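A.B. asks: Got a predicted structure here, sequence first:
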Amino acid sequence: MTPATTAASPYGTLPAVPPPASRKPISLPRLREMHAQGEKITMLTAYDATFAAVADSAGVESILVGDSLGMVCQGMPSTVGVTLETMRHYTESVARGLHRAQATAWLISDLPFGSYHESKEQALRSAAVLMQAGAHMVKLEGGGWTADTVHFLVERGIPVCAHLGLTPQTVHSLGGYRVQGKSEEAATTLKAHAHALQDAGAAMMVLEMVPAALSATLTKELTHCATIGIGAGVGTAGQVLVLHDMLGMNLGKMAKFVHNFMSEENSVRGAMQAYVRAVKEGRFPVDALHAW
Ligand code: KIV
């Protein structure tokens with residue numbers, strides 16, 4: 001079979017991504033296997049059918065329907081205003097796109113602000129809405145207070161991704177989009193939360209805007225929970241970026257930890273492939289440029 005075209009890029013020659021039919025679907029056991037073998041996990045946000053399918057075809061292993069859609073798609077000032085119904089709508093669109101493209105990516109959907117805070121039962125009802133919309137896993141923000149909820153969902157067959165560090169749903173309490181876990185005390189607390197969430201059964205954990213050294217230590221310690229960094233250095237088990245950021249379509253100031261992969265590519269798929277390759281090879285993020 002003739003290999004698909006490759007393209008030159010500052011991130012190297014882009015590998016041809018095999019067609020979906022010849023790729024194995026990304027399942028939870030497969031993600032655990034990648035984690036155990038030290039293969040970096042790639043994740044991008046997507047909010048519609050087409051971008052999700054293109055990301056899958058570029059080799060992105062997990063697609064996150066992030067509540068960042070409130071900001072990048074709906075023009076909100078933060079993610080706080082995003083509702084469960086909105087998340088259901090976008091998750092369904094992405095799931096349809098992946099299904100139509102016979103995609104293999106693992107689909108994660110964010111439980112929005114207020115949809116899991118009251119009780120474990122409320123969290124289960126909200127998670128069920130997202131799973132029935134096509135998600136394979138739900139993500140929720142917060143430390144130890146969410147551990148019981150995580151356990152409750154996992155016991156009922158709902159895979160959970162935790163989210164620590166900068167948790168955008170609590171931006172008003174945090175006082176802005178700032179690095180978290182900088183002091184020794186804050187780092188100790190963050191570590192305790194991370195362990196509690198792993199013990200509760202979280203299979204993945206987003207670490208957002210956390211010092212690179214802390215997230216690298218946590219990554220080594222959490223042997224049963226794959227850390228996915230965003231502004232958390234190169235030492236995590238995987239990386240995630242917001243789609244619009246990595247395509248250079250940011251309306252405001254670009255965060256320091258972002259790289260515009262579109263600046264060296266001439267197609268969205270090419271930019272995504274460059275991202276996948278850079279993450280897989282441990283060349284993104286460059287700690288000196290993208291971490292604290
Ligand atoms: O909502 C989102 O896009 C996220 C990522 C920043 C991890 O939570």
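C.D. replies: Received the coordinates, thanks.

A.B. asks: The helix or strand Ala186 falls within: which residues count as buried?
C.D. replies: In the assignment (DSSP states H and E), Ala186 maps to helix 184-200. Neighbour counts over helix 184-200 (16 or more other C-beta atoms under 10 Å) mark 186-187, 189-191, 193-198, 200 as buried. In short, each C-beta sits where N, CA and C put it, glycine included.

A.B. asks: Need the contact partners of it.
C.D. replies: 143-144, 146-148, 150-151, 154, 162, 164-165, 180-181, 205, 210-211, 214, 217-218, 221-222, 224-225 (C-beta atoms under 8 Å, 6 or more residues apart in numbering).

A.B. asks: what's the average pLDDT for that helix?
C.D. replies: Helix 184-200 shows a mean pLDDT of 98.

A.B. asks: dump the residue contacts of whichever residue of the stretch 1-150 of the chain sits closest to the ligand.
C.D. replies: Closest approach between the stretch 1-150 of the chain and the ligand, counting by C-beta to the nearest ligand atom: Gly66, at 2.2 Å. For Gly66, the contacting residues are 45, 47, 110, 139, 242, by C-beta under 8 Å, 6+ apart.

A.B. asks: Just among the residues you listed, which is most surrounded?
C.D. replies: Highest neighbour count within the contacts of Gly66: Asp110, with 30 neighbours (other C-beta atoms under 10 Å).

A.B. asks: Surely Thr227 and Glu221 touch.
C.D. replies: No - with contact defined as C-beta atoms under 8 Å, Thr227 does not count as touching Glu221 (9.5 Å).

A.B. asks: So between those two, which is more surrounded?
C.D. replies: Between Thr227 and Glu221, Thr227 has the larger neighbour count (other C-beta under 10 Å), namely 28 against 13.

A.B. asks: Can you say which helix or strand has the more buried one in it?
C.D. replies: strand 226-230.

A.B. asks: now, the most widely separated pair of the contacts of Gly66?
C.D. replies: Based on C-beta to C-beta, the longest span within those runs between Tyr47 and Lys139 and measures 14.4 Å.

A.B. asks: beta partners of Thr45?
C.D. replies: Under DSSP bridges, the beta-bridge partners of Thr45 are Leu64.

A.B. asks: and it, what does it touch?
C.D. replies: 63-66, 68-69, 240-243.

A.B. asks: can you check Cys225 too?
C.D. replies: Applying C-beta under 8 Å, 6+ apart, the residues contacting Cys225 are 162, 194, 197-198, 202-205.

A.B. asks: Same check on Gln122?
C.D. replies: 115-116.

A.B. asks: and it, what pLDDT?
C.D. replies: For Gln122, pLDDT reads 98.

A.B. asks: ok, now how distant is it from Leu69?
C.D. replies: According to C-beta to C-beta, to the nearest Å, Gln122 and Leu69 sit 21 Å apart.

A.B. asks: How about Val179?
C.D. replies: Applying C-beta to C-beta to Val179 and Leu69 gives a distance of 24 Å.

A.B. asks: Looking at these two, which has the bigger crowd around it?
C.D. replies: Leu69 (27 against 19).

A.B. asks: Okay, that one and Ala46: tell me how far apart.
C.D. replies: Distance of Leu69 to Ala46, computed by C-beta to C-beta: 9 Å.

A.B. asks: ok, now Arg96?
C.D. replies: Arg96 sits 12 Å away from Ala46, going by C-beta to C-beta.

A.B. asks: the more surrounded of these two?
C.D. replies: Ala46 (29 against 16).

A.B. asks: Let me see the backbone angles for that one.
C.D. replies: Dihedral pair for Ala46: phi -150, psi 150, per degrees, to the nearest 10.
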